[in-house]
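Enquirer: Coordinates only, no sequence provided:
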């Protein structure tokens, strides 16, 4: 059957001049700049064009109150005379505000975003190989009554598929300029600038023939848009009308070949999304990615760690002894260093995620795994955030914004921290090096590797169970719809990949760094105050000195013993205070201090233990002296602190407990509620305690420890 | 009445209607699955779900649940 929109005989104007009216007087520019927004479908080449237009002159932030990335840059339209503030909108299929991204994009187009003027012109990035669906967004953009210029991308690929696109005709039918661009080769950029400049200086004369049906009002005021939102029926009619218009434009302007021949992507997909091999390949790719992340990151992490250690030593040597030096070295440098050390892993993770995303494989992974994820009640898209959480829950939680349903998004956020992140690794490796080193299972598998794998598995298992429960109780909602494009496979653009990697790493540093810095200073203060003036100032110090293997050797100076300082500090008192609670887990007050400290960030456990065991603060988890100190550590009653069972219990606790201030801060922002953030801390830590309790007491019943 | 789910892998058909009046049907239509368009079923994922279809020259994945809303005729 043939569907026609009532007013299908739309006028074909003779030239663009009908749309681009004679200049009606210069628009008011914002501080002399035009404001131009870049809109387009995901995978249309928007980011590549944005990078080509702005170069490195761009910045990334968030739209206030939400986590949608706000990317903008400066674009020199023609030399230095006209510059434009270029807003890169999130990738969009539609502007009906069903997702957060769409809502934000609409706010930008309506000029409702604070300190962002309404755009003078829109550049619609249109993928020539997927013209019809891309033009759908263009029809919606036009309804906003802002001049639109189309940047047609991927023409080479389209021509290879022998699609012939008559750009002039397309331009006439849509009544807007159409410019062919090849962003990577900077082709068409000048032409684009010219057209954009022309459009920005004129008023749009919207003529949306597709809506000139009696059923629709022609204006797209906010009221009307809201009306169409609440009324699905009329919205569906509009969608239908837009696509009918597009089909007619497409038939006029494009000569398609018959599409029976399989595309290259289809051929690749015969292997990569194969019923059996698809999953095997997915597992192999994930293994390869993680193996690479962990092995490549080792060296730079080591260097960073040593660098911060050396910096601390340098500051301590150069500055007069005193509280300011302590604050700088033990608080600021150690605290910030503790976060920065994880940067190589984060960079590598983002590198691989960008590559997987840009090649189009990520969508296939979601396609392959959706059935499994939906059994738990989650969306296939939750796979990516959960995968990222193995490096760090912070970017993982930030990545959940692609999930449209708020309840599904929240469920994914709530379980993301169960994925063993890189900050847990120092704890695992310290325990393994100190307690389980050199042991094997079945004679050839290293016990350490098996234990680490078991910890990852435990986290995943608990996450699945919790998601299952959450989705059936407080976050009850029907299994989310799964309607997702499988974009054609493409070679990634490495400039885009690297730029993406560095901006994200920068955001991570800024976000995590500020919180960790503050917490480090507080923690340092907790361990440094009240000050102990002399080693002999109280009776307890003698006990400590007696049990200490390395008494202070500075003669003449009333040097302060660090263990003693810690014991008498607020943190030490807290450790003693919680000792009754953690005793059933086999932990003494010293571990208690380290546990309290590790609630700021998990890896802090390692540095705190080295302070407690008095082996110096710059020790890393692999330092021989810390490992030896852990082996030699004694409880106050003289028994060995760390048995294999205690070490295992601690590892189990670390898999499940919510010990990361940065994550809590990010969850608070993403969920936009303290309640959810605190709920997460509460239930995760409760679970961790329970699991650790069962491990320790169960182990004792079985005769271990 | 035939739904997209009933089509064998590789079959081509014309969309007659997108039934239902909710966010899913709206999303399907926004993605170009509107009455009159022709679609082809490409494959199903390892566990039988979701489906991959080809519509308007690109590939779209959806669960059988969603595909049930799409009425087709050969």
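Expert: Received the coordinates, thanks. Everything quoted here is computed from the prediction, not taken from an experiment. Numbering: from 1, shown residues only, chains lettered A, B, ... in the order given.

Enquirer: Which elements pack onto the longest helix anywhere in chain B?
Expert: Ranked by number of residues, the top helix in chain B under DSSP state H is helix B:23-30. Secondary-structure packing of helix B:23-30 (3 or more C-beta pairs under 8 Å, 6 or more residues apart in numbering or on different chains; DSSP states H and E): helix A:232-253, strand A:483-485, strand B:12-18. In short, each C-beta sits where N, CA and C put it, glycine included.

Enquirer: what's the shortest one packed up against?
Expert: Using 3+ C-beta pairs under 8 Å, 6+ apart as the contact criterion, the elements in contact with strand A:483-485 are helix A:361-376, helix B:23-30, strand B:58-62.

Enquirer: what packs against the helix or strand following the first one?
Expert: Moving toward the C-terminus from helix A:361-376, the first helix or strand encountered (DSSP states H and E) is helix A:383-388. Using 3+ C-beta pairs under 8 Å, 6+ apart as the contact criterion, the elements in contact with helix A:383-388 are helix A:343-359, helix A:361-376, helix A:393-398, helix A:406-415.

Enquirer: Compare those and report which one is nearest to residue A:530.
Expert: With C-beta to C-beta as the criterion, residue A:530 lies closest to helix A:393-398 of the helices and strands packed on helix A:383-388, at 34.3 Å.

Enquirer: Just give me how far the helix or strand of chain B with the lowest mean pLDDT sits from the chain centre.
Expert: One helix or strand of chain B scores below all others by mean pLDDT, DSSP states H and E: helix B:23-30, with a mean of 88. From the chain centre to the centre of helix B:23-30 is a distance of 11 Å (C-alpha atoms, centre = their mean, to the nearest Å).

Enquirer: Name the residues that touch that helix?
Expert: A:93-94, A:96, A:98, A:136, A:232, A:235-236, A:239-240, A:243, A:481, A:483, B:18-19, B:62, B:66, B:69-70 (C-beta atoms under 8 Å, 6 or more residues apart in numbering or on different chains).

Enquirer: Buried among the residues you listed? Need that as a selection in PyMOL.
Expert: Buried members of these, defined by 16 or more other C-beta atoms under 10 Å in any protein chain shown, are picked up in PyMOL with:
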select buried, (chain A and resi 93+94+96+98+136+232+235+236+239+240+243+481+483) or (chain B and resi 18+62+66+69+70)
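
Enquirer: that older thread, and among the helices and strands packed on strand A:483-485, the most buried is which?
Expert: When the helices and strands packed on strand A:483-485 are scored by mean count of other C-beta atoms under 10 Å in any protein chain shown, the highest mean neighbour count falls to strand B:58-62 (a mean of 25).

Enquirer: in the helix or strand just after that one, what counts as buried?
Expert: Following strand B:58-62 in sequence order, the next helix or strand is helix B:64-67 (DSSP H and E). Residues B:65-67 are the ones in helix B:64-67 that count as buried (16+ other C-beta under 10 Å).

Enquirer: any idea of the mean pLDDT for helix B:64-67?
Expert: Confidence for helix B:64-67, expressed as mean pLDDT, is 90.

Enquirer: Which elements pack onto the helix or strand following that helix?
Expert: Remark: after helix B:64-67, the chain's next helix or strand is strand B:70-73, criterion DSSP H and E. Counting contacts by 3+ C-beta pairs under 8 Å, 6+ apart, strand B:70-73 is packed against strand B:2-3, strand B:12-18.

Enquirer: can you redo the helices and strands packed on helix B:23-30 as TSV with distance to residue A:332?
Expert: Formatted as TSV, the helices and strands packed on helix B:23-30 follow (distance: least, C-beta to C-beta, whole Å):
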stretch	distance to residue A:332
helix A:232-253	54
strand A:483-485	45
strand B:12-18	59
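
Enquirer: wait, which of those is closest to residue A:106?
Expert: Nearest of the helices and strands packed on helix B:23-30 (C-beta to C-beta): helix A:232-253, 13.8 Å.

Enquirer: and the direction of that closest one versus that of helix B:23-30, what angle?
Expert: Counting by axes from the mean of the first three to the mean of the last three C-alpha atoms, to 10 degrees, helix A:232-253 lies at 20 degrees to helix B:23-30.

Enquirer: helices and strands of chain A: which one bottoms out on pLDDT?
Expert: The weakest-scoring helix or strand in chain A, judged by mean pLDDT, DSSP H and E, is helix A:222-230 (a mean of 42).

Enquirer: element containing residue A:59?
Expert: Going by DSSP H and E, residue A:59 is in strand A:58-62.

Enquirer: Residue A:474 - how many residues pack around it?
Expert: When neighbours are defined as other C-beta atoms under 10 Å in any protein chain shown, residue A:474 has 12 of them.

Enquirer: Mind checking what secondary structure it has?
Expert: Three-state call for residue A:474 (DSSP: H, G, I helix; E, B strand; the rest coil): coil.

Enquirer: related to what we said a few turns ago, turn the buried residues of helix B:64-67 into JSON lines, including distance to chain A.
Expert: Output for the buried residues of helix B:64-67, formatted as JSON lines (distance: C-beta to the nearest C-beta, whole Å):
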{"residue": "B:65", "distance to chain A": "8"}
{"residue": "B:66", "distance to chain A": "6"}
{"residue": "B:67", "distance to chain A": "10"}
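
Enquirer: Give the other helices and strands that the lengthiest helix in chain A contacts.
Expert: Secondary structure of chain A per DSSP H: the longest helix is helix A:277-318. Judged by 3+ C-beta pairs under 8 Å, 6+ apart, helix A:277-318 is in contact with helix A:264-272, helix A:334-340, helix A:343-359, helix A:361-376.

Enquirer: distance of residue A:392 from residue B:7?
Expert: 43 Å (C-beta to C-beta, to the nearest Å).

Enquirer: neighbour count winner among those two?
Expert: Per other C-beta under 10 Å, whichever of residue A:392 and residue B:7 has more neighbours is residue A:392, with 26 against 20.

Enquirer: Right, I'll call it a day here.
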